[in-house]
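Enquirer: sequence? don't have it. structure:
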């Protein structure tokens, strides 16, 4: 408690206060008259505040963490929650490579609700192209500069077209590019006698995604060649693209049996090589699991999100 004279400065030492709420009262007296003001204030541990997001599985005993500010709750079913998190992460990514530009643009489009769910479901039921995004048009994105004169897709506008990248683009959203030119590119790769097996497999996948009649070619390759895990997954995706889900599921089960590993609630493909190989093949397996509507897609997606 401090006192002072009117018209002069009075220092009031509060000392070191613990965090919490306090009340400061100032009173003035003159003869028989008196008045005062009262102000409440808070002492915080820190004035730094950050936006924090937590993901919780809703249970009967789930408790929402207490916060001092506004808390927004979003409720999703299991599949949408996982996809929403992935899309949100991709929407905040930046870069000039096609994989970065396309992933960001498709994620933003899906988050805005621009995807045509009805057409996607129709495609899945009728054997038409099953692109993962279901997006046929993006706004304010110049993707044409990534499609080279040979019809293939390049990682950067000044680089060369790549069969595997072109196949992934065809599977995700071939309608965003010149499909006729893209098909010509894949057939050109297959007709080249010097094409490697990796590029042959990628081209067959790309053509399957564009609904070209390459089912027999894929089946013959599966019978004749000793394939590694990545090649098998890619060909299984191609089979699923063409509607042969039975054989695609058979290959998927073989891959999980030979290479699948669990880590808590996550599932990954324990591929030969480093972590990048594991992530790539786990992502491909997730694509296949999504196309086959398998429960494993949650575990595979969880591993990718927590390891990327």
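Expert: Received, thanks. Every value quoted in this text rests on a predicted model; they were computed, and no experiment measured them. Numbers count the residues shown, from 1 in each chain.
Enquirer: residues touching residue 291, list them.
Expert: Taking Cβ atoms under 8 Å, 6 or more residues apart in numbering as the contact definition, residue 291 lies against 130, 237, 240-241, 245, 248. Backbone N, C-alpha and C define where each C-beta goes, glycine included.
Enquirer: no no, residue 240
Expert: With Cβ under 8 Å, 6+ apart as the criterion, the residues that contact residue 240 are 130, 248, 288, 291-292.
Enquirer: Geometric centre of this structure: which residue is closest?
Expert: When the chain is reduced to its mean C-alpha position, the closest residue under Cα atoms, centre = their mean turns out to be residue 86, at 2.8 Å.
Enquirer: Surely that one touches residue 306?
Expert: No. Look at residue 86 against residue 306 with Cβ atoms under 8 Å: they stay out of range, at 11.2 Å.
Enquirer: Please tabulate the contacts of residue 240 in a markdown table, including the columns pLDDT, distance to residue 195 and secondary structure.
Expert: Compiled in a markdown table, the contacts of residue 240 are given as follows (pLDDT from 0 to 100; distance: Cβ to Cβ, whole Å; DSSP: H, G, I helix; E, B strand; the rest coil):
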| residue | pLDDT | distance to residue 195 | secondary structure |
| --- | --- | --- | --- |
| 130 | 39 | 26 | coil |
| 248 | 97 | 24 | helix |
| 288 | 97 | 24 | helix |
| 291 | 94 | 26 | helix |
| 292 | 95 | 29 | coil |
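Enquirer: What segments of the stretch 201-308 of the chain are helices?
Expert: In the stretch 201-308 of the chain, helices defined by DSSP state H, counting those that start in this stretch lie at 215-224, 229-241, 245-259, 275-291, 296-307, listed in chain order.
Enquirer: out of those, which comes closest to residue 181?
Expert: With Cβ to Cβ as the criterion, residue 181 lies closest to helix 229-241 of the helices of the stretch 201-308 of the chain, at 19.1 Å.
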